[in-house]
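# Sequence and predicted model, in that order:
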Amino acid sequence: MAQEGTTTPRKRVALTREAIVEAAFRLCSPDGGGVLTFSRLGKELGADPTAVYRHFRDKDDLILAMTDVMIEESVALATVESYGPGQWRESLTAVSRALRAVYLERPALAVLAASRTTASPAETTSVERIIGVLHHAGLPVVAAAECYRMLLDLTLAMIQCTASFQVLDPEAQAKDDAAWAVKYGMLPEDRFPLLHHSAPRLTELFRDDTQVFELVLGTFLDGVALKIARAKGDGGSGVVG
């Protein structure tokens with residue numbers, strides 16, 4: 001028991017990289033306000049914000065660590081179901097969908113992380129696996145690597161676009177919605193016959209990024225299928241057994 005006139009020392013909070021990353025994820029979630037600063041992070045952890053710098057050089061270092069966690073989560077999600085030889089399309093679809101699902105759980109972080117590269121074991125292992133899927137499907141190694149890069153950029157670009165819209169305030173979102181539903185819908189048919197005819201569908205797609213994502217992904221994979229067919233027809237698949 002503390003003697004009269006003395007104060008009980010404040011208990012220090014033991015911080016770890018894992019605890020900091022978990023707290024940062026909470027702040028980046030919609031429920032956490034979607035804003036990540038070291039000041040808010042310190043309050044979330046019950047510690048002095050400067051204590052975070054003992055584990056992360058700066059905010060960018062923290063974001064890269066969080067990106068790596070999301071990559072690990074997406075890899076785990078994509079491999080819940082296994083796909084056999086010949087199921088390259090199902091495998092790549094699972095990878096792309098998993099990445100999108102994990103990132104869009106934290107749209108504020110997705111805006112910052114979608115364009116980053118960590119070169120971590122999880123990321124490099126995933127890259128090797130995806131190239132391997134395409135190579136065994138019938139593409140030469142370099143062509144498989146090119147398709148991997150296209151798939152990744154396509155997926156991350158669409159993630160960033162959706163996430164950027166999700167973090168807008170509701171008033172800004174409503175303005176964009178109205179632009180499609182009202183302004184485009186009221187364009188005169190004599191001047192804009194094609195837009196007039198397709199405006200309802202464009203409005204529908206504006207409100208459903210998931211449907212647009214699936215359309216784009218499917219079209220891309222159709223192109224990959226054509227490249228595979230051509231590679232096999234040319235006898236230049238270079239597939240290893």
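Received the coordinates, thanks. Computed from a prediction, not measured in an experiment: that's the story for all the values here.
# Helix or strand with the lowest mean pLDDT in the chain?
Here the helix or strand of the chain ranked lowest by mean pLDDT, DSSP states H and E is helix 38-45, holding a mean of 88.
# domains of this protein?
As given by automatic domain parsing, the domain ranges for the chain are 14-56, 72-233.
# Show me the shaky parts of the chain.
Applying pLDDT under 70 to the chain flags residues 1-14, 33, 80-81, 234-241.
# Repeat the analysis, applying 90 as the threshold.
Within the chain, the ranges that satisfy pLDDT under 90 run 1-15, 26-44, 46-54, 59, 78-86, 108, 177-186, 233-241.
# How about the contacts made by the residue nearest to the spatial centre of it?
The residue lying closest to the centre of the chain (CA atoms, centre = their mean) is residue 103, at 3.6 Å. For residue 103, the contacting residues are 70, 74, 109-110, 113-114, 156, 159, 163, by CB atoms under 8 Å, 6 or more residues apart in numbering. Where you see a C-beta, it was placed from the backbone N, CA and C, and this is true even at glycine.
# Tell me the first helix or strand C-terminal of the helix or strand hosting it.
In the assignment (DSSP states H and E), residue 103 maps to helix 88-104. Next in sequence after helix 88-104, counting helices and strands by DSSP H and E, comes helix 107-113.
# In terms of secondary structure, what does that next one contact?
helix 17-28, helix 59-78, helix 88-104, helix 141-166 (3 or more CB pairs under 8 Å, 6 or more residues apart in numbering; DSSP states H and E).
# follow-up on the earlier one: could I get the buried residue list for the least confident helix or strand of the chain?
Across helix 38-45, burial judged by 16 or more other CB atoms under 10 Å covers 38, 40-42, 44-45.
# now, which of these sits nearest residue 130?
Using CB to CB, residue 41 comes nearest to residue 130 of the buried residues of helix 38-45, at 33.3 Å.
# what number of residues lie near residue 157?
Burial of residue 157, expressed as a neighbour count using other CB atoms under 10 Å, amounts to 13.
# That one - nearest residue in space that isn't next to it in sequence?
residue 114 (7.6 Å; CB to CB, 6 or more residues apart in numbering).
# For that neighbour, which residues are in contact?
If you count contacts by CB under 8 Å, 6+ apart, then residue 114 has 103, 156-157, 159-160, 163 around it.
# does residue 56 count as helix, strand or coil?
Assigned with DSSP: H, G, I helix; E, B strand; the rest coil, residue 56 falls in the coil class.
# State the phi and psi torsions of it.
In terms of degrees, to the nearest 10, the main-chain angles of residue 56 are phi -130, psi 130.
# how many neighbours does the nearest residue to it once chain neighbours are set aside have?
If the residues on either side of it in the chain are set aside, residue 56 comes closest to residue 62, at 4.4 Å by CB to CB, 6+ apart. When neighbours are counted by other CB under 10 Å, residue 62 registers 21.
# same thing with the one 10 residues further on?
With neighbours defined by other CB under 10 Å, the count for residue 72 comes to 17.
# isn't it right up against residue 122?
Yes. The criterion here is CB atoms under 8 Å, and residue 72 meets it with residue 122 at 4.5 Å.
# coming back round to it: right, so the helices and strands packed on helix 107-113: which one is the most enclosed?
Highest mean neighbour count of the helices and strands packed on helix 107-113: helix 88-104, a mean of 21 (counted as mean count of other CB atoms under 10 Å).
# Now find how far off-centre that one is within its chain.
10 Å (CA atoms, centre = their mean, to the nearest Å).
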